[in-house]
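1. Using only what follows, build the 3D model:
(3 chains)
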Amino acid sequence: MRFSKDHEWVEPDGGEAAIGITAYAAEQLGDVVFIELPELGRKVKAGEPLAVVESVKAASDVFSPVAGEVIAVNASLPGSPETVNAEPERDGWLVKLKLADPAEADALMDRHAYEAFLAAL
Amino acid sequence: MRYLPLTDADRAEMLAVVRAPSVEALFEDVPAATRLSGDLDLPPHQGELEVERALAGLAARNRAAGAGPFFCGAGAYRHHVPASVDHIIQRSEFLTSYTPYQPEIAQGTLQVLFEFQTQVAALTGLPVANASMYDGSTACAEAVMMAARVTRRRKAILSGGLHPHYAEAAWTLAHSAGVVTRRLPAAVDAERAVVEAIDTETACVVVQTPNVFGTASELGAIAEAAHAAGALMVVVTTEAVSFGLLKPPGAMGADIAVAEGQSIGNPLSFGGPYVGLFAAREAFVRQMPGRLCGETRDAEGRRGFVLTLSTREQHIRREKATSNICTNSGLCALAFSIHMTLLGETGLRRLAALNHARARRLRDALEALPRVEVLTPRFFNELALRLPRPAAAVVEALAAAGIVAGVPFSRLDPRAGLDDVLLVCATETTTDDDIAALARGLAAETAP
Amino acid sequence: MTVLSVGRPTRPESATQTPSASRGHGLVQEEPLIFELGGWDKSGVDLPKPALDAADLGDLVRCEPIGLPGLSEPETLRHYVRLSQKNHAIDLAMYPLGSCTMKHNPRLGEKLARLPGFADLHPLQPLQTVQGALELMDALAHWLKTLTGLPAVALSPKAGAHGELCGLLAIRAAHEARGDARRTVLAPTSAHGTNPATAALAGYAVTEIGQTADGHVDLADLAAKLGPHVAAVMVTNPNTCGLFEREVLEIARLTHAAGAYFYCDGANFNAIVGRVRPGDLGVDAMHINLHKTFSTPHGGGGPGAGPVVFSAALAPYAPRPWLVRGPQGLALAEHASGEAAAGFGRLCAFHGQMGMYVRALAYMMSHGADGLRQVAEDAVLAANYVKARLSGALTPAFPQGFCMHEALFDDAWLEGTGISTLDVAKALIDEGFHPMTMYFPLVVHGAMLIEPTESEPKRELDRFCDALLELAGAVRAGDVARFKGAPYFAPLRRLDETAAARRPRLAWTPEAPTPQPS
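-> Predicted coordinates for the structure are as follows:
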C-alpha cells in the first residue's frame, strides 16, 4: 500500500489498484455521511478530483494519487457511509482503477514514510 | 432614542474600559476624507406618532383589495386568513428568532419546518420537499437549474402557459449559467405545444397548471414524452389552494413541483414577502436547493429535528453549492403551515371547492355578456376573457369607477399580441354583488 | 484530499440517560407532530358549502386522500404556542451572532405593515390605485441612496444572497454591453460562502485573494491577481474579521484601473451606517440586508430583503421593474423598453418584498439621520467593550487596535484543554444565551465571532461577558464534562446530525417509526 501527501492510499494489484482515504483523513473529517463516486469509465490523471467524501459539516475532494480509468466503485458505500470511518483502509475503499502506469504508485510514500509525514504535521 | 438603550454614562464607562479617548477613535481605520462629519441630509429621529402618521398617510392613498369588487389573480390571490395565524406568527419566539443553526434551542422552528415539508410533500404528491424558497418564481428558476444538474443537459422548454414573470426569472438565472430557456408562444391552451418541442437535449419542460390563463390540464402525456427523451417535467402552480381540488403534480408524472404558497396564510402585500414551495422525487434530494429539515434523536434518545444535508449549501460548498441561497421564507412558511393545519384536508377541499364554485358563478355571469368571450375551457378559479378592445383601457376605466376588474395580459407580456385578453379571478372572498358589479361594468365598457 | 472542516463531532459524544437538573417541565411541554395528533377529519375553519360542484373538471379532480390532518382552533393555538416555547429569540436575550446583526425588531413596523393599505394590495392592481405604495418604495429608495451615496437602487432582490446575484448580473451585463466578456471574480479567503456561490451562479470562476497577518485584504495579492479577465472584486467592508479595510480606496483604485467593478457585500453595514458612505469608498454595487442593518425580523430564517445600490456606471443594467416618476405620478417600468431597456432582466415575479420595505422605512424614519449615526457608534462601541472585557481570558484573533461592530476570537485559549469552540458554544446555551457565530470566517481557527449590536443594554453586555468569563474559568479548572455534555438545560440535548444526514427523514410518513441512532 502506498500513500499520497493528500492522505489517499493506493493498493496496486497487477495492472489495477484500489484507492481510498487514510485513517488519518477519515478521523479529521469526522462522521462520513455520503460519498459521491465517479462514473465507470472515467479517466483521471494523478492529482485530479476523483470522488467527494461528505461529512456533516464539510465536503472534501479526494484526489487520485495515480492516473487510470475507473473500473469499479464500492457499491456498499451509499447505503453505509460509516464504513469509511470504520475501515477506511480496507472495506472502505472508494474506487478501483485500471492503472495507466503500474509503476507510478512506487513513487509514493510507503506506510513508514507516511507515518513519519503525519508525525511532522 | 427609544431603540437605543445605552446612556451617555454607559458610553463613558465603556470607552474607559476600551481605553479609547472617544468613539471617533474607534473609527480610526476609516480614511479621513470619507468620514462624514455631520448627519446626512435626511430627517432627524421621530416618535411613533409622527412615523405612523406619515406611513398611514401613504397607506391611505392606496385602494385596498377589500374596498370593493376585486378580481386580480395572475400569481397572487386574495384569500381569507383566519385570525389565529397572524396572532401566532407575531409571538416573539417565532418572529424574532434566528435561523435554526443551534437546534437545541430552535426545536419550535425546526418542528414547524418538518411539518411544513410534510404538508408540501402531501399537497404536491412528491415525497421530498424543502423548507421553502423565496417565492414561486425563484423556485421555478431553481427547478430549471436543478433539472440541468440532474440530466446534465442545457435546454429547458417553458410552456406558453407559464406566468411571464416566472419565465423571465427562469431565463435570468439560467442564462448566466449557460442553460438555454426556450419560451413557447403564449396561448390559453399552451400545454399541447410542449410535447413537440422536446428533444434529446432537453433537460426539462416547465408547465403550469392551472396556467396563467386559468386553464387546468392533465399533464400525463407531457410527462411521458419528457421521460421518453430523458428529460424531467417541472410543474408550476401559482394558486396553492388548487391543490385541494385538482390532481397533484406528483400524480401526473412531475419530477419537480414548485408553487407559490402565498394563497395560504399570507396576505397579498403588494407582491412580497411570499413563500416558494419546492418538492421533488426522492432520488434527486441531494440536488435540491434550499434548506432541508430532518428528523433525528438527541443525546437522551428523544426525537428532535435539525437542518440537514447542508453540504449542498453555500456555507459549506461555496462555489460548488447547488445554489447561493442563505435564507428561506421562514415566517411565511410558518403562516402557511398554521393555516394548513387549521384547514386540514376537509377544510382545504371545501375551500378549493368554494373557489371553483365562485369562479363558475363568475363564468356564467360573464358568458351572458354578448361582447365578452370566455376563453378558458377548464379552470380552477381563474379565467381568461377576450374583450373587443384593449383590456388595459377597460381595467383603467373600471378602476376609476371603483371596480378592480382583473389583470390585462398586456401588463404581464406586452409582446404576446394578446392585448385584448383580461385575466379574472374569483375566490371565496368574491360575493354575488361583486360579480354583478363586474358584469355590469364590463357590459358598459364593451358596449359598441 | 482537501479537508475543509475542523473535524468537530456531529453527534453527541456521550449518550446519557441522566435527565438534566432543570428542564422546566411545568412550562415547556412536549408536543407531538400534527400528524401524530390525528384529526384527519377535523378542521379549525368554518366554511359554507359550495353552491356548485366540480363536475365540469371531470378526471382532473383529486380523488386520492391528500394525507393532511386538521386541528380545531384551540388545539392549533396550543400546538404552536408549545412549539414556540422551545425557541430562543432576540426578545429573550442577546444573540451575539457575528455577521447577522441580531438587533431589536421594533413593533411599530409590524403594526404599519399590517395596515390594509399595504397588506391588502395586489401587485398587479392598476397603478393609479397604488400610488401610496409606490411612494413608499420611492422613499425607501431615497433613504438607501442617501445613506450609501450611490445614485440608483434595485429594490426587488428577496434576500442578501439574491442581492449579490443582482449585483453580479448587472456587472456582467455592463461588461457584455462593451463586448468585454470577463470570466473571473476575485473574493477574499475570509468571504462569506454566498460570495463564491453567487459568483459561480452568475457564471464566473472564483479566485481567492489572500489575507495579511493583521486580517486585511492582501493588496499585493490583489494587484497580482487583477487582470483583463477579472469582472469584479467582491469585498465585505468592514470585513468578516470585524475590521475596516483601511486600504479600501486603494482596493477600489486597483480594481477600477483593471477595468473591473467593485462589489461590496453590505452585510456589515451596521458598523458604518450614517458615518461612511460606500459610494465614497469607490463601491460600484452593494447589497443591503434589510433584515440586518434595518431590523426587519429574522422570522426563524426569513423572509429577508436585499436591495442593491448601484453606481452611475451600473445603473442602466439594474433589473426590472424600475420605479419611474412621470406627470401622472409614479409608475413601474416592467418591460425591456425605454429607460429599462438595458436592464439585465427580471429576478423574480412582481416588485419585491413590500412588507419588508414598510418595516425598514419605519425603522429608518424612527431613527433618522442622527439615530442611524448613533446606531453605528453604539454598535462599534459595544463590540469593542466586549472585546476588551474578554481579551484577558479568550484570545482575540487580531488583538492590535480596535475592531468595528464585531469582535473575533480564535481557539488558541482552548489549546490543550480538550474543549473546542463548539463545546464552549453549547455551554453558553446553558447560561441563557444563543451562541456566537462559530467557525466563521474560515481563515481563523476555531473562530468565535461576536456582534452585540447597538440595541443591547449595558447590563446585558456585562451579563454576557460575565458568563463567558465564568466559562473560561471552568475551562482552566478542567471541568470538561460541563462542556462536553452541554447543553444540559435546553429543551433538547445535543442532536445526532450524523444520523440525520446518513439516513435522511425529511417528512413524516405513517409507516416509518422514530429513527435509529447512528
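
2. List of residues touching the helix or strand of chain C with the lowest mean pLDDT?
-> Between all helices and strands in chain C, the lowest mean by mean pLDDT, DSSP states H and E belongs to helix C:194-201, at a mean of 90. Residues outside helix C:194-201 that contact it (C-beta atoms under 8 Å, 6 or more residues apart in numbering or on different chains): B:173, B:176-177, B:314-315, B:317-321, B:323-324, B:326, C:160-161, C:164-165, C:168, C:185, C:187, C:205-206, C:232, C:234, C:236, C:265. Every C-beta, even on glycine, is put in place using the N, C-alpha and C of the backbone.

3. Residue of chain B closest to chain A, please.
-> The nearest approach of chain B to chain A comes at B:Thr311, 4.5 Å away (C-beta to the nearest C-beta).

4. just the helices in chain A please.
-> Assigned by DSSP state H, chain A shows helices spanning A:23-29, A:82-86, A:111-119.

5. and whatever residue of the stretch 51-200 of chain C ends up closest to chain A, what is it in contact with?
-> Nearest residue of the stretch 51-200 of chain C to chain A (C-beta to the nearest C-beta) works out as C:Gly193 at 11.8 Å. C:Gly193 makes contact with B:Glu313, B:Gln314, B:His315, B:Ile316, B:Arg317, B:Arg318, B:Ala321, according to C-beta under 8 Å, 6+ apart.

6. Neighbour-wise, which one of these leads?
-> Neighbour tally across those (other C-beta atoms under 10 Å in any protein chain shown): the maximum, 27 neighbours, falls on B:Gln314.

7. Helix, strand, or coil at C:Glu339?
-> In three-state terms, and counting by DSSP: H, G, I helix; E, B strand; the rest coil, C:Glu339 is helix.

8. And the residue lying closest to it once chain neighbours are set aside, how far from chain B?
-> In this structure, C:Glu339 finds its nearest non-sequential neighbour in C:Ala333, 5.8 Å apart by C-beta to C-beta, 6 or more residues apart in numbering or on different chains. According to C-beta to the nearest C-beta, to the nearest Å, C:Ala333 stands 12 Å off from chain B.

9. neighbours of C:Ala333, just the number please.
-> Neighbour tally, C:Ala333, other C-beta under 10 Å: 17.

10. same thing with the one 5 residues further on?
-> Residues near C:Gly338, counting by other C-beta under 10 Å, number 9.

11. And chain A, is the lowest-mean-pLDDT helix or strand in chain B touching that?
-> Of all the helices and strands that make up chain B, helix B:314-317 has the lowest average by mean pLDDT, DSSP H and E, namely a mean of 70. Yes. Helix B:314-317 comes into contact with chain A (C-beta under 8 Å from any C-beta of the partner chain), by way of B:Ile316, B:Arg317.

12. by contact count, what packs against the next helix or strand after that helix?
-> For helix B:314-317, the succeeding helix or strand toward the C-terminus, using DSSP states H and E, is helix B:330-367. Packing contacts for helix B:330-367, counted by 3 or more C-beta pairs under 8 Å, 6 or more residues apart in numbering or on different chains; DSSP states H and E, involve helix B:83-89, helix B:92-95, helix B:107-124, strand B:373-374, strand B:382-386, strand B:421-425, helix B:432-445, helix C:73-84.

13. ok so the residue of chain B closest to chain A is a helix residue?
-> Yes. Counting by three-state DSSP, B:Thr311 is part of a helix.

14. gap between stretch C:438-457 and the chain center?
-> In terms of C-alpha atoms, centre = their mean, to the nearest Å, the centre of stretch C:438-457 is set 14 Å apart from its chain centre.

15. do stretch C:435-446 as well
-> For stretch C:435-446, the distance to the chain centre is 16 Å (C-alpha atoms, centre = their mean).

16. neighbouring contacts of it?
-> Contacts for stretch C:435-446 (C-beta under 8 Å, 6+ apart): A:57, B:102, B:315, C:6, C:8, C:96-100, C:189-192, C:211, C:240-241, C:397, C:408, C:410-412, C:414, C:420-422, C:425-426, C:428-429, C:447-451.

17. Can you flag which of the residues you listed belong to strands?
-> Using DSSP state E, C:Leu408, C:Asp410, C:Met448, C:Leu449, C:Ile450 are the members of these that sit in strands.

18. would JSON lines of those with neighbour count, pLDDT and distance to chain A be doable?
-> Shown next, in JSON lines, are the ones in strands among the contacts of stretch C:435-446 (neighbours: other C-beta atoms under 10 Å in any protein chain shown; pLDDT from 0 to 100; distance: C-beta to the nearest C-beta, whole Å):
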{"residue": "C:Leu408", "neighbour count": "29", "pLDDT": "97", "distance to chain A": "20"}
{"residue": "C:Asp410", "neighbour count": "19", "pLDDT": "96", "distance to chain A": "18"}
{"residue": "C:Met448", "neighbour count": "30", "pLDDT": "97", "distance to chain A": "16"}
{"residue": "C:Leu449", "neighbour count": "24", "pLDDT": "97", "distance to chain A": "17"}
{"residue": "C:Ile450", "neighbour count": "27", "pLDDT": "98", "distance to chain A": "21"}
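
19. for chain B, what are the nearby residues on chain A?
-> Counting by C-beta under 8 Å from any C-beta, chain A sits next to chain B at A:Val33, A:Phe34, A:Glu54, A:Ser55, A:Val56, A:Lys57, A:Ala58, A:Ala59.

20. Farthest-apart pair in these, please.
-> Spanning the widest gap among these are A:Phe34 and A:Lys57, at 12.5 Å by C-beta to C-beta.

21. list residues touching both of these two?
-> With C-beta under 8 Å, 6+ apart, A:Phe34 and A:Lys57 have common neighbours B:Thr311.

22. are any of the contacts of stretch C:435-446 buried, and which?
-> Buried by 16 or more other C-beta atoms under 10 Å in any protein chain shown: A:57, B:102, B:315, C:6, C:8, C:96-100, C:190-192, C:211, C:240-241, C:397, C:408, C:410-411, C:414, C:420-422, C:425-426, C:428-429, C:447-451, out of those.

23. Confirm for me that C:Ile419 is in contact with C:Val475.
-> Yes. Between C:Ile419 and C:Val475 there is a contact under C-beta atoms under 8 Å: 5.5 Å.

24. Give me the common contacts of those two.
-> Contacts common to C:Ile419 and C:Val475, judged by C-beta under 8 Å, 6+ apart, are C:Phe483.

25. quick revisit: now distance to B:Glu345 too, for the ones in strands among the contacts of stretch C:435-446, in a markdown table please.
-> Shown next, in a markdown table, are those (distance: C-beta to C-beta, whole Å):
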| residue | distance to B:Glu345 |
| --- | --- |
| C:Leu408 | 51 |
| C:Asp410 | 53 |
| C:Met448 | 47 |
| C:Leu449 | 46 |
| C:Ile450 | 47 |
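
26. For the residue positioned nearest the centre of chain A, give its distance to B:Arg61.
-> Taking C-alpha atoms, centre = their mean as the criterion, A:Gly20 is the residue nearest the geometric centre of chain A, at 2.3 Å. A:Gly20 sits 68 Å away from B:Arg61, going by C-beta to C-beta, to the nearest Å.
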